[in-house]
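Structure, please.
(2 chains)
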Amino acid sequence: MDLNFSAEDIAFRDEVRAFIKDSYPAALNGKIDEGEELSKDDFLSWHRVLAAKGWIAPAWPKQYGGTGWTSVQRYIWSEETARADAIRLMPFGLSMVGPVIYTFGTPEQKARFLPRILSGDDWWCQGYSEPGAGSDLANLRTKAERFTGDDGKEYYRVNGQKTWTTLAQHADWGFFLVRTNSEVKAQEGISFLLIDMKTPGITVRPIITLGGEHEVNEVWLEDVIVPVENRVYEENKGWTCAKFLLAHERTGIAGVAASKRGVERIKSIARTELDEGEILLKNPFFKRKVAELEVDLSALEYTELRTLAGESSGKGPGPESSLLKIKGTEIQQRITELALEAAGHYGAPYYRGFGEGDNEHPIGPDYSHRVAPTYFNMRKTSIYGGSNEIQRNIIAKMVLGL
Amino acid sequence: MDFNTTDEQTMLRDTVARYLADTYSFDNRMKTVHSGKHWNAGVWKAFAEELGILGAPFAEAHGGLGGGAIENMIVMEEIGRALVIEPYLQTVVIGGGALKATGGALADAVIPEIIAGNVIIAFAYAEPQGRYNLADLRTTAKQDGAGYILNGHKSVVYSGSYATHLLVTARTGGAQRDAGGVSLFLIPADTKGITRRDYPTVDGSAASEIYFENAAIGAEHRIGAEGEALPLIERIVDEGTAAICAEACGVARVLHATTLDYAKQRKQFGKAIGEFQVIQHRLVDMFMEVEQAVSITLMATLKLDSAERASAVSAAKSKVGKALKFTGQNAVQIHGGIGISNELAVGHYFKRATMIESQFGSVDHHLRRYERLVID
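Okay, the predicted model is just below:
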């Protein structure tokens, strides 16, 4: 056991650092610090730079476009991108459907979809949750009926409603869990379909969340026709893909590197804000919360490193990733709580309420503008990807044998 | 960067685990506790001769296995699992650590005797007024010719009743809480002028109040420079703290495993209580606390030789302290009534867990130290 980086790792780190410094899109600088909402072009500008460099999918096998990095190099990569405050990449293609396609897809599906995920040409969204299927995901009702078209080919006719579909307003493609058999046990009648979001019959309606953002949507499907060749893996075996995807989604969900930056931001706010004539960071109660947050983050970091060490010695992401999800999201939420607390009075002004073209200088310090919306928004983290209660059920069953 | 143990380290863990599982049963431990001696000389001899683990962190030149902090972590975690009361921490980690750090004739003479099981060291550092401040010392070592005269009172010295040697902190100068003027001595326990009151501790060990009344010792018993030992003392206490964090991980793993097992067996309302979601989630929360304690203990251990040693150790001890309280209290809670009986092992793990919480500093102490080092 050794914490030190090898000479090769240090050279790699320097290469990564220099690359980010030279190539990170200037237009994105500072957007994370100020918590700005990002446009589709914002997301894609960094994605395209990395795609061109061949560094867009470090977690993928090399044969499908991965980087072939060691787990230490991947750790360095996540540390360096967080250190540079780079925006996060959208996970729907890279971390969700991509691994499902290269693991379960046909050669044709791999050739058709993977390059466009890597290049950023296709923006993906996730059609999992439904109004009646949240934590009880297998209870989904969106129905896909198989039929033979006039052209003699096989199709599904899909009807139903998906919800909480993140950034579906930007999406070119969606991966959907649909019911192809209602006669069997809930998990055994589900299939995994790839659907072109431009297909007639799809309607995307915004849901505005607590911070005022348009981040999630309802997606309605009415007689949407999908070729059978767009089904991944066997009919009625979609639950296998669904579970695989959820376990993959949870790795990296700990967000350690980004949370380290978040803690630094809180400290910097608390060195500026005054409390009883001294900087807020000298308030012993606030300081204690920051200290405990840092300590908990260290524990999470080393738990993730232990998990990575286990994975590099051959174990895939297992139910332990539920621990990373629970503790990672708790910490992300505490960071937003402390940022809001640190901002004091200036957490209150609602920026969306100010008119366009307002030439007055903004109200309150820059760092305060989005602390409340971010706090509200981040409540999602303990709910999405399988709520933290569901993660506890997974650990109880899979790890503890209860 | 590498998180895998070497083959030798894996073998060390397996060997210690197997030996303790075979010989150090809970019943055997309780026999030792009830013997009134609170340690078993035969066990110690076996640690030295059969297992050879007393040399784990020492250089091969001294007859050791050539290991270091990782080896101590491995042994201490197994000690925690088996609830071992013999003084590996005091003798090998702390006493041995001080000698290793300073070297010289004293180290050359004493380390081989530690490895052979002949020297047992108790660490006399705490004082009634000092709480967790290592420099808050009223014990004095006044220069007297070529040697020193010791006067003072040391509190709750674990293993003090049977140690062959005492590792003593004392003032050779400076005021009560000054960083300067602190010295460290390793002296034979039978030195004239030392008296003791021995007593059992709640977690099954023996401890002593130790009084020095004009105890005269030679200068050769001093470890490190006169008046400049505080950094060395902080270092060995940090190493000891990392080691009891590892012990705590072993204790907490057993608390969790025992409770999980019990929840699968114990039936109420016609089913195993482990089928109730409220119990399942509690057991998951305990599991997560234990895993994170293991992780942060690893961090502290790997950083013992780095510039971040002190902050990493304080981070770890604060996190481990909370984990101990949570797993200990919930282990008893889920066991129900039987959890508070003195017969089951779980209660004894809970007691040891509770004492580790404050040993070398409470959660609050270590968070404050962390704040001073990292945030202020």
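
name the helices or strands packed onto the helix or strand where A:Phe113 lies?
Taking DSSP states H and E as the criterion, the element that holds A:Phe113 is helix A:107-119. When contacts are defined as 3 or more Cβ pairs under 8 Å, 6 or more residues apart in numbering or on different chains; DSSP states H and E, helix A:107-119 packs onto helix A:40-53, helix A:98-104. C-betas here are computed from N, CA, C, even on glycine.

List the buried residues for that helix?
Taking 16 or more other Cβ atoms under 10 Å in any protein chain shown as the basis for neighbour counts, the residues of helix A:107-119 that come out buried are A:Gln109, A:Lys110, A:Arg112, A:Phe113, A:Leu114, A:Ile117, A:Leu118, A:Ser119.

Looking at the helices and strands packed on helix A:107-119, which one is packed in the most?
Across the helices and strands packed on helix A:107-119, averaging neighbours per residue (mean count of other Cβ atoms under 10 Å in any protein chain shown) puts helix A:98-104 on top, at a mean of 21.

where exactly do the strands run in the chain?
I'll assume chain A. A:124-127, A:143-148, A:154-162, A:173-179, A:190-196, A:202-208, A:214-227, A:231-232, A:274-275, A:278-279 (DSSP state E).

Let me rephrase: I mean chain B.
Taking DSSP E as the criterion, chain B carries its strands at B:121-124, B:140-144, B:147-158, B:165-171, B:182-188, B:194-200, B:206-217, B:222-223, B:267-268, B:271-272.

In JSON lines: those, plus mean neighbour count and distance to chain A.
Written out in JSON lines, the entries for the strands of chain B read as follows (neighbours: other Cβ atoms under 10 Å in any protein chain shown; distance: least, Cβ to the nearest Cβ, whole Å):
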{"stretch": "strand B:121-124", "mean neighbour count": "28", "distance to chain A": "26"}
{"stretch": "strand B:140-144", "mean neighbour count": "17", "distance to chain A": "34"}
{"stretch": "strand B:147-158", "mean neighbour count": "20", "distance to chain A": "27"}
{"stretch": "strand B:165-171", "mean neighbour count": "26", "distance to chain A": "27"}
{"stretch": "strand B:182-188", "mean neighbour count": "23", "distance to chain A": "27"}
{"stretch": "strand B:194-200", "mean neighbour count": "15", "distance to chain A": "34"}
{"stretch": "strand B:206-217", "mean neighbour count": "20", "distance to chain A": "29"}
{"stretch": "strand B:222-223", "mean neighbour count": "23", "distance to chain A": "29"}
{"stretch": "strand B:267-268", "mean neighbour count": "10", "distance to chain A": "14"}
{"stretch": "strand B:271-272", "mean neighbour count": "13", "distance to chain A": "9"}
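
Tell me which of these approaches A:Trp60 most closely.
If you check each of the strands of chain B against A:Trp60 by Cβ to Cβ, strand B:271-272 wins as the nearest, at 42.8 Å.

circling back: contacts made by the helix holding A:Phe113 with the rest, please.
Among residues not part of helix A:107-119, those counted as contacts by Cβ atoms under 8 Å, 6 or more residues apart in numbering or on different chains are A:48, A:51, A:56-57, A:64-65, A:93-94, A:97-98, A:101-102, A:105, A:122, A:124, A:173, A:194, A:229, A:232.

Of those residues, which count as buried by neighbour count?
Among the contacts of helix A:107-119, those buried by neighbour count (16+ other Cβ under 10 Å) are A:48, A:51, A:56-57, A:64-65, A:93-94, A:97-98, A:101-102, A:105, A:122, A:124, A:173, A:194, A:232.

so what's B:Ala310 up against?
Contact criterion Cβ under 8 Å, 6+ apart gives B:Glu234, B:Asp238, B:Arg369, B:Leu373 as the residues in contact with B:Ala310.

Inside helices: which ones of those?
Secondary structure defined by DSSP state H assigns B:Glu234, B:Asp238, B:Arg369 of the contacts of B:Ala310 to helices.

Throw the residues you listed into CSV and include neighbour count, distance to A:Glu130 and pLDDT, thanks.
CSV is the format used below for the ones in helices among the contacts of B:Ala310 (neighbours: other Cβ atoms under 10 Å in any protein chain shown; distance: Cβ to Cβ, whole Å; pLDDT from 0 to 100):
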residue, neighbour count, distance to A:Glu130, pLDDT
B:Glu234, 17, 59, 98
B:Asp238, 22, 54, 98
B:Arg369, 20, 51, 98
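
I'd like the residues you listed laid out as CSV, including distance to chain A.
Below are the ones in helices among the contacts of B:Ala310 laid out as CSV (distance: Cβ to the nearest Cβ, whole Å):
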residue, distance to chain A
B:Glu234, 19
B:Asp238, 16
B:Arg369, 10
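
and of the strands of chain A, who's closest to B:Glu247?
By Cβ to Cβ (comparing all of the strands of chain A), the closest turns out to be strand A:278-279, at 38.9 Å.

contacting residues around that closest one?
Judged by Cβ under 8 Å, 6+ apart, the contacts made with strand A:278-279 from elsewhere in the structure are A:Ala270, A:Arg271, A:Thr272, A:Glu273.

Closest to B:Glu228 out of those residues?
Relative to B:Glu228, the closest of the contacts of strand A:278-279 is A:Arg271; by Cβ to Cβ it sits at 34.7 Å.

can you give me the helices for chain A?
Residue ranges of the helices in chain A, as given by DSSP H, are A:7-23, A:40-53, A:71-83, A:91, A:98-104, A:107-119, A:238-250, A:256-272, A:284-312, A:321-343, A:371-377, A:388-394.

between those, which gets the lowest average pLDDT?
Lowest mean pLDDT of the helices of chain A: helix A:238-250, a mean of 85.

Please name every helix or strand in contact with that one.
Other helices and strands packing on helix A:238-250, by 3+ Cβ pairs under 8 Å, 6+ apart, are helix A:98-104, strand A:173-179, strand A:190-196, helix A:321-343.

Kindly recompute the last result at 10 Å.
Counting contacts by 3 or more Cβ pairs under 10 Å, 6 or more residues apart in numbering or on different chains; DSSP states H and E, the secondary-structure elements packed against helix A:238-250 are helix A:98-104, strand A:173-179, strand A:190-196, strand A:231-232, helix A:321-343, helix A:388-394.

how distant is that helix from the center of its chain?
When distances are taken as Cα atoms, centre = their mean, to the nearest Å, helix A:238-250 is centred 14 Å away from the chain's centroid.

ok, the most centrally placed residue in chain A - contacts?
Nearest to the mean C-alpha position of chain A, counting by Cα atoms, centre = their mean, stands A:Pro91 at 4.8 Å. With contact set as Cβ atoms under 10 Å, 6 or more residues apart in numbering or on different chains, A:Pro91 has these partners: A:Val97, A:Gly98, A:Trp124, A:Gln126, A:Thr166, A:His248, A:Glu249, A:Gly252, A:Ile253, A:Gly385.

switch to 6 Å and redo it
Residues near A:Pro91 by Cβ atoms under 6 Å, 6 or more residues apart in numbering or on different chains: none.

and A:Asn217, how many neighbours does it have?
Using other Cβ atoms under 10 Å in any protein chain shown, A:Asn217 has 22 other residues around it.
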